[in-house]
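> Here you go, sequence then predicted model.
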Amino acid sequence: MSDAREAQAAPLPDAAARRLRTQALPPARPEDVAQIDAFLEAAWAELGLARHTLASYRRDLVGVARACPGLSGLSGEDLSAHFAARSRLGYSARSDARLLASLRAFYAWQVRRGAVAQDPVAALAQPRLGRPLPKALSESEVAALLQAADGADAAGLRDRAMLELMYGTGLRVSELVDLPFGAQNLRQGTLRVTGKGSKERLLPLGEVAQDWLQRYLTEARPLFAEAARARRGTALALFLDERGRALTRQRFWTLVKRRAAAAGIDPRRVTPHGLRHSFATHLLNHGADLRALQMLLGHASLSTTQIYTDVARGRLQRLHAAHHPRG
């Protein structure tokens, strides 16, 4: 093994670990980027992966390529050292598990095409993940959050419609921002959603969500669409920003935090995904069927949905302890 390979296989020093967090790393080498792009193209063609999944793969793999140049020549020891550096920086087990999934997919492709003789990921252990309960807001907190977007202007109308829609249907944030114009049928009170794996589902719209969505479509979206036409663009998404472009997940995250602060709720407790958890938890608390909840959330397996029964069970235990004479 060369000196360079020996240095690469050794655990990264703390200074290198800090560079991982601060992004004080050199750009990925062109040959590594070319391999990553070829892998992503193959993954899209063969598996039809969603663009968000592909973007996550790219982000993970480029990060490894920046810290450990020469992806095709990395050993299991090299990757173990990289994960050790992440551990010193406090990366979570869930973050490591996502990175490991990206690496598994990449090196499986490398092995299939004969670019590497042995999969360096094969010997790496899967991070041990707990099963955290979803963090849901109370019903009064959700009401305060929704009212913080009062619809006084076009942006307020858009924000209120998006928040009402997310809480009223349990959409994933990616599903929300990817909704095309025309996904809604207000006469029938339904919303057509394309979820994970390009699977479609038809969701019922409650009256409140319908009312705010109708107001947004009538009073606010035409203004945003006009901004798109002014810059010779097209407004294909349902929810637009002030320049007539599709609203991004990052922008929605920001507006949720801003509305939470306005409602007097600690913004650190409120996330877009937390609204989805709140939707599911509140439905179960009011007697919803678990199988129906699975269909509404778009879960492929009922086992994924069953985590919400733990939330409901915890609430019942607290009620019993507070109100039963033998609690």
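Cool, got the structure.
> now residue 203, what's its secondary structure?
Using DSSP: H, G, I helix; E, B strand; the rest coil, the structure places residue 203 in strand.
> Contact partners for it?
169-171, 190-193, 296 (CB atoms under 8 Å, 6 or more residues apart in numbering). For every residue, glycine as well, the C-beta is placed using N, CA and C.
> And the strands in the stretch 151-300 of the chain?
Listed from the start of the chain, the stretch 151-300 of the chain has strands (DSSP state E, counting those that start in this stretch) covering 184-185, 190-194, 200-204.
> Residue 136: which of those strands is closest?
strand 200-204 (19.1 Å; CB to CB).
> Same question for the closest one: list its buried residues.
Buried residues in strand 200-204, counting neighbours by 16 or more other CB atoms under 10 Å, are found at residue 203.
> and the direction of that strand versus that of strand 190-194, what angle?
Compare the direction of strand 200-204 with that of strand 190-194 by axes from the mean of the first three to the mean of the last three CA atoms, to 10 degrees and you get 150 degrees.
> Quick one: distance of stretch 289-304 to the chain centre.
18 Å (CA atoms, centre = their mean, to the nearest Å).
> How about stretch 285-294?
Stretch 285-294 sits 23 Å away from the centroid of its parent chain (CA atoms, centre = their mean).
> Tell me the buried residues within the contacts of residue 203.
Judged by 16+ other CB under 10 Å, buried ones among those: 169-171, 191, 193, 296.
> ok, residue 38 to residue 303 distance?
According to CB to CB, to the nearest Å, residue 38 and residue 303 sit 35 Å apart.
> Who has more neighbours out of those two?
residue 38 (14 against 9; other CB atoms under 10 Å).
> would you put the C-alpha positions of the strand or helix carrying that one in CSV?
In this assignment (DSSP states H and E), residue 38 forms part of helix 30-47. In CSV, the C-alpha atoms belonging to helix 30-47 read as follows (Å, rounded to 0.1, in the frame of the first residue of the first chain):
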residue,chain,number,x,y,z
PRO,A,30,-13.8,15.7,-11.4
GLU,A,31,-13.4,11.9,-11.8
ASP,A,32,-15.3,11.3,-8.6
VAL,A,33,-18.1,13.6,-9.7
ALA,A,34,-18.3,11.9,-13.1
GLN,A,35,-18.7,8.5,-11.3
ILE,A,36,-21.5,9.9,-9.1
ASP,A,37,-23.3,11.5,-12.0
ALA,A,38,-23.1,8.2,-14.0
PHE,A,39,-24.5,6.3,-11.0
LEU,A,40,-27.4,8.8,-10.6
GLU,A,41,-28.2,8.5,-14.2
ALA,A,42,-28.3,4.7,-14.0
ALA,A,43,-30.4,4.8,-10.8
TRP,A,44,-32.9,7.1,-12.5
ALA,A,45,-33.1,5.0,-15.6
GLU,A,46,-33.2,1.6,-13.9
LEU,A,47,-35.2,2.3,-10.7
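> for it, what is the average pLDDT?
Averaged across helix 30-47, pLDDT comes to 91.
> Likewise for stretch 114-126?
Mean pLDDT, computed over stretch 114-126, is 87.
> List the buried residues in the helix holding residue 38.
For helix 30-47, the neighbour count (16+ other CB under 10 Å) marks 32-33, 35-36, 39-40, 43 as buried.
> report the angle between the axes of the helix ranked longest in the chain and helix 30-47?
The longest helix of the chain (DSSP state H) is helix 93-112. Using the same axes, to 10 degrees, one finds that helix 93-112 and helix 30-47 are set 90 degrees apart in direction.
> Can I get helix 93-112 as PDB, trimmed to CA atoms?
Output in PDB follows, covering the C-alpha atoms of helix 93-112 (Å, rounded to 0.1, in the frame of the first residue of the first chain):
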ATOM      1  CA  ALA A  93     -27.200   7.500  13.900                       C
ATOM      2  CA  ARG A  94     -30.100   8.400  11.600                       C
ATOM      3  CA  SER A  95     -27.900  10.600   9.500                       C
ATOM      4  CA  ASP A  96     -25.200   7.900   9.300                       C
ATOM      5  CA  ALA A  97     -27.800   5.400   8.300                       C
ATOM      6  CA  ARG A  98     -28.900   7.600   5.400                       C
ATOM      7  CA  LEU A  99     -25.300   8.100   4.300                       C
ATOM      8  CA  LEU A 100     -24.700   4.300   4.500                       C
ATOM      9  CA  ALA A 101     -27.700   3.600   2.300                       C
ATOM     10  CA  SER A 102     -26.300   6.000  -0.300                       C
ATOM     11  CA  LEU A 103     -23.000   4.300  -0.200                       C
ATOM     12  CA  ARG A 104     -24.500   0.800  -0.400                       C
ATOM     13  CA  ALA A 105     -26.400   1.800  -3.600                       C
ATOM     14  CA  PHE A 106     -23.400   3.400  -5.200                       C
ATOM     15  CA  TYR A 107     -21.000   0.600  -4.500                       C
ATOM     16  CA  ALA A 108     -23.500  -2.100  -5.500                       C
ATOM     17  CA  TRP A 109     -23.700  -0.300  -8.900                       C
ATOM     18  CA  GLN A 110     -19.900  -0.200  -9.000                       C
ATOM     19  CA  VAL A 111     -19.600  -3.900  -8.300                       C
ATOM     20  CA  ARG A 112     -22.200  -4.700 -11.000                       C
END
